[in-house]
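> after the sequence you'll find the predicted model.
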Amino acid sequence: MKSEIIALTKLEIADRQLNEAIRLFFERRDCVSIHTLATASLQISLDHLTEDEVIDNSIFLDKRSIYIKDEYRKEFSDHINKSRNFFKHADRDLKKGISSLEFNPDENEGCIFEAIRALGIASKRREYPTEVKVFMAWLFSRHPTWIKEEFRAQLVYSAPVSFEGALDVLTGLKRK
């Protein structure tokens, strides 16, 4: 059987990685795979942003973030990329004698959220896929105090926002 060749842009790849990370997240699948997909999507999106876009949109998980002092940018970048780099680059860690990492799967929420933001800016997106809408509805149901009231209406999605409800919506999409 011959495979069909598909043409993809970098932002289309980032979109696919992000949507799959969200699906895996709600399916309670492997946290390392979720992190790898979400941070890959985030990095592609960040690479498409200018320094002004990073600053104007208050992107946090970027080495150009306005929140970080210049003299600590490398330390910050190393810290936020520690897990991602450990998952990708065995050679670097093995040379340093590092063979394990303590990973907190809760990092995935923030990585997915920042990837959504960065991809939305990079792709100048006005409409988001269902996966993103479901994740945002779930995230702000889980953390209702995080969002300002004036923006709450923009995030409302008619699907259930419990973890199980989000999974039901995404499972329903797969069947179509």
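In hand now; what should we look at? Numbering: from 1, shown residues only.

> which parts of this structure are helices?
For the chain, the helices defined by DSSP state H cover 10-26, 31-48, 51-56, 73-80, 82-88, 90-95, 107-122, 130-142, 149-155, 163-175.

> lowest-pLDDT helix or strand in this protein?
helix 149-155 (a mean of 67; mean pLDDT, DSSP states H and E).

> in stretch 56-76, what counts as buried?
59-62, 64-65, 68, 76 (16 or more other C-beta atoms under 10 Å). All C-beta spots, glycine's among them, are computed from the backbone N, C-alpha and C.

> out of these, flag the one nearest to Pro105.
Pro105 has its nearest neighbour among these in Leu61, at 16.7 Å by C-beta to C-beta.

> excluding chain neighbours, what is closest to the closest one?
Glu114 (4.5 Å; C-beta to C-beta, 6 or more residues apart in numbering).

> do Phe26 as well
Nearest to Phe26 is Leu167, by C-beta to C-beta, 6+ apart, at 4.4 Å.

> break the chain into its domains for me.
Domains of the chain are assigned by automatic domain parsing as 1-124, 127-176.

> need the least confident one among those domains, by mean pLDDT.
Among the domains of the chain, domain 127-176 carries the lowest mean pLDDT, a mean of 78.

> chain center to that one, what's the gap?
Here domain 127-176 is found 15 Å from its chain centre; the criterion is C-alpha atoms, centre = their mean, to the nearest Å.

> check stretch 118-128 too.
The answer for stretch 118-128 is 13 Å, by C-alpha atoms, centre = their mean.

> endpoints of that stretch, how far apart?
End-to-end distance for stretch 118-128, by C-alpha to C-alpha, to the nearest Å: 13 Å.

> so what touches it?
Surrounding stretch 118-128, the residues in contact under the criterion C-beta atoms under 8 Å, 6 or more residues apart in numbering are 11, 14-15, 18, 41-42, 44-46, 48-49, 53, 57, 59, 61-62, 116, 136.
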